[in-house]
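K.L.:
what's the 3D shape of this:
(one chain, ligands or ions: 1)
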Amino acid sequence: MPSGIDSEVFLAFSTYATIVVLKMMLMSPMTAYFRFTRKCFANVEDTGMAKTPEDKKRMLRVDPDVERVRRCHQNDLENITPFVVIGLLYTLTGPDLSTALLHFRVFVGSRLFHTVAYVLPLRQPSRGLAWMVGMGATFSMAYRVLSTTHL
Ligand SMILES: N[C@@H](CCC(=O)N[C@@H](CS)C(=O)NCC(=O)O)C(=O)O
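P.N.:
Numbering: from 1, shown residues only. This next block holds a predicted model:
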């Protein structure tokens, strides 16, 4: 088990983890943008700008564009959270900087592309492939963690 944390690898991880977490956080303002432009809200108290009770009722609906962004956000949560946890443990295993950078860049690139493919949307299998590539990077780091540490 390599001892200590390589500051270069940790710095690289911090950078890429921050980029991808910020990207995930931006899905909230993007959802808000779609809610306001589509006039589609989830809670009755959010429909204050409605002029009539009918308007209010119309605003309390499910919009396909809003739901698409929400699913994209949910998918980020399912994939970026494991990346941050496993990636942090991976930095403790003393990987080469170049190998670590490859994992971090592939993951972040795949998640950026996944968002574009989901929100636009692009034809499948573009989103599916992006998801698989990101999962592959995280699984590869998990393999290193499990094969480096002792049970
Ligand atoms: N929770 C996901 C698990 C599988 C997954 O993440 N698939 C990727 C590639 S097809 C995806 O983008 N799924 C769409 C989604 O999570 O909304 C799902 O329900 O689809």
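K.L.:
straight-line length of stretch 44-60, end to end?
P.N.:
Terminal residues of stretch 44-60 lie 7 Å apart, using C-alpha to C-alpha, to the nearest Å.
K.L.:
residue contacts, the residue lying closest to residue 83 once chain neighbours are set aside?
P.N.:
The shortest distance from residue 83 to any residue other than its chain neighbours is 5.1 Å, reached at residue 138 (C-beta to C-beta, 6 or more residues apart in numbering). Heads up, the C-betas are built off the backbone N, CA and C, glycines and all. Contact criterion C-beta atoms under 8 Å, 6 or more residues apart in numbering gives 79, 82, 83, 86, 87, 107 as the residues in contact with residue 138.
K.L.:
sticking with residue 138, tell me its helix or strand.
P.N.:
Counting by DSSP states H and E, the secondary-structure element that holds residue 138 is helix 126-148.
K.L.:
can you pull the buried residues of that helix?
P.N.:
For helix 126-148, the neighbour count (16 or more other C-beta atoms under 10 Å) marks 126-127, 130-131, 133-135, 137-138, 140-142, 144-145 as buried.
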